[in-house]
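**Q** how does the following fold in three dimensions:
(2 chains)
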Amino acid sequence: MRICGGDDDIATVQFSDEKVQDILIRITGMDLQKIFRPVKEELKPPTYKLMTDQQLGEARQKAIEEAKLKLKMPPVLPERKPINDILSQDKFLAGMETAKYVFTDITFQTPHRERFVVVREPDGTLRKASWEERERMIQVYFPKPGRKLTPSPIFQEGNLKVVYQQDRHEDLLDLCIAQFEPDSSEYHKVHRLAYEDIDKRAKYELLRSSRHFGSLVWHLVMVRRVDGLLVDMLQRELINEAVSLVTLFHMVHPRSESAKEAGRLEAKGVELLKVYASTESQRGGYIELALQAHQQMLQENAL
Amino acid sequence: MAAPSLSMLSRAFSRISPVLLQCIRQTELATQRTLVSTWFQPPCVYIHSNRLLFTTVSKYEKSADVDTEEISSRYKDRPWDYLESEEYADRYGSKPVWFNYRRNHKGGIPPQQTRKTCIRGDKICGNPCPICRDPNVIIHYQNVKLLQQFVHPHSGEVYEHTRTGVCMKQQKLLKKAIDSARDHGLLPFQVPFVDHSGEDYSNSHDAVGCTPSRPSVTADEPWYPWYLAQADESEVAKVKKIYKAYLK
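**A** Sure, this is the predicted structure:
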């Protein structure tokens, strides 16, 4: 999802670039305690294993590999264009039927994006089915696990607020991924509302070490509202992550004041944060204070 | 049959307690009594003969009786208020609603199905299930505290009817309410992990992309030379005559 922002370059950096992905993976972190936290599932008696140190190390490596699979980010795509293609106009069929007919190609091996779904209207037009009709028909013939035919009422405005109050943003986003396609408008809307709520209440910790953190950071960088996240990182002493966040911001908006200033001064590390705090951010004072406090603490620790 | 047995019983029990005697005299005098008030009889009047006296209720008496709670509970519009009230705390304390309920059955192993329903029309059975015995306990998808009493706190599974003792009709309503509460986001549950990676989202295929229309086509000309856009009028009239009943 890209928004034209003034005089910034539009087609420079995308979500799927390797550099961007590296930064996002680093920012997301890997808290194994949170990723493999106990979950409500069928109760089984506990298993105990006796391991040597080497086996324990191997088990930890395996856990890290599994965590990487779990933290794989869902794609961030631009909104899809509606399908408005008419394949044929047959006037002599007008008035023969009273209902639309939907024809779906149910060959098993074709990918769903290459499947033909066409609709014959009662006035004789043969047109391609719209995205909603396509998804509905494909769900009827090839049901996906976790997806319902009609979206569940949790995605309506009132129920979303209840979910935000319960701090269940991660569950909501998982349900959204299961239900909607990544380029549909509902997917974008649900994600945008969830990210805005998190930003408003500064609850970034809810999504940290989950697969949604990357797209949260990307969204905030796109909309240029990085201050809250930066402040939160500084409060938690995550200076390296804060620096990577600012570098990402400069990559995405190379013509912003902060990026130009950083390029001019060739700032690295903590100086980048100072440059950003002085130029672009609205809460520059707070960021500088937090940086000073951190440096004081470092000096104290060194002593 | 009722009267002689009663008088015999009354003589037999007259020495046991005066309260019992008084109750028996009252039952002898009264010809009609509502079935509803049996629930709240003092426990000492639990005699088998009582059942023989209770005849079916007339509608007039029921409408005149203001205290009948089974028609309209005070909490019909807001069932979640009952779980905060004092009556609930007195009756159940901190235990779930089904905690002190015990099914009546022969033998050690209970039947695998509880009864189909406790309330049929106006009649309520003996030993009704935990939900039917208290008319203020209403199953509603927004009554989250009640629904949570029927869900295992650690595994998230809904308790079976054999565990809680509810009748089959209420179990079905419970399941529907729990699913509805989960759908509306009121009841937390574990979302299954779905991975949609490996799919191509480029939308370049003709099925979803833009098919360019033939540049030379107009509304009147057919797309292909072999495509009959001008149908034979007589043929069309014949087909329309056959299917006349089904055309608009």
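
**Q** leaving out the residues flanking it, which one is nearest to B:Gln149?
**A** Across the structure, with Cβ to Cβ, 6 or more residues apart in numbering or on different chains as the measure, the residue nearest B:Gln149 apart from its sequence neighbours is B:Pro96 (3.9 Å). Heads up, the C-betas are built off the backbone N, CA and C, glycines and all.

**Q** what about that neighbour, how many residues nearby?
**A** Residue crowding around B:Pro96 was assessed by other Cβ atoms under 10 Å in any protein chain shown; the count is 15.

**Q** likewise for A:Asp232?
**A** A:Asp232, neighbours per other Cβ under 10 Å, totals 16.

**Q** I'd assumed it was in a helix, is it?
**A** Yes - secondary structure assignment (DSSP: H, G, I helix; E, B strand; the rest coil) places A:Asp232 inside a helix.

**Q** can you tell me the SS state at the residue nearest to B:Gln149?
**A** Assigned with three-state DSSP, B:Pro96 falls in the coil class.

**Q** correct me, but it touches B:Val151?
**A** No - using Cβ atoms under 8 Å, B:Pro96 and B:Val151 do not qualify as a contacting pair, with a distance of 10.2 Å.

**Q** pull up the overlap in contacts between the two.
**A** When contacts are counted by Cβ atoms under 8 Å, 6 or more residues apart in numbering or on different chains, the set common to B:Pro96 and B:Val151 is empty.

**Q** who does the longest helix along chain B touch, helix- and strand-wise?
**A** For chain B, the helix that runs over the most residues, judged by DSSP state H, is helix B:168-183. Under the contact criterion of 3 or more Cβ pairs under 8 Å, 6 or more residues apart in numbering or on different chains; DSSP states H and E, the helices and strands touching helix B:168-183 comprise helix B:144-148.

**Q** and the helix or strand following the helix it packs on with chain A, contact?
**A** Sequence-wise, the next helix or strand downstream of helix B:144-148 (DSSP states H and E) is helix B:161-164. No - looking at helix B:161-164 against chain A by Cβ under 8 Å from any Cβ of the partner chain, there are no contacts, and the closest approach is 14.0 Å.

**Q** dump helix B:161-164 to CSV, restricted to CA.
**A** Extracted C-alpha coordinates of helix B:161-164, given in CSV (Å, rounded to 0.1, in the frame of the first residue of the first chain):
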residue,chain,number,x,y,z
HIS,B,161,-24.1,-32.2,28.6
THR,B,162,-23.0,-35.3,30.5
ARG,B,163,-20.7,-33.1,32.6
THR,B,164,-23.0,-30.2,33.3
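
**Q** list the contacts of the nearest residue to A:Gly284 once chain neighbours are set aside.
**A** In space, not counting the residues next to it along the chain, A:Gly284 is nearest to A:Ala277; the distance is 4.1 Å by Cβ to Cβ, 6+ apart. A:Ala277 is in contact with A:Gly284, A:Gly285, A:Ile287, A:Glu288, A:Leu291, counting by Cβ under 8 Å, 6+ apart.

**Q** CSV for these, including neighbour count and secondary structure?
**A** CSV is the format used below for the contacts of A:Ala277 (neighbours: other Cβ atoms under 10 Å in any protein chain shown; DSSP: H, G, I helix; E, B strand; the rest coil):
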residue, neighbour count, secondary structure
A:Gly284, 15, helix
A:Gly285, 11, helix
A:Ile287, 20, helix
A:Glu288, 15, helix
A:Leu291, 18, helix
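
**Q** when you compare pLDDT across those residues, which one is lowest?
**A** Among the contacts of A:Ala277, A:Gly284 carries the weakest pLDDT, at 82.

**Q** just to check, that one is in contact with A:Leu273?
**A** No - look at A:Gly284 against A:Leu273 with Cβ under 8 Å: they stay out of range, at 10.2 Å.
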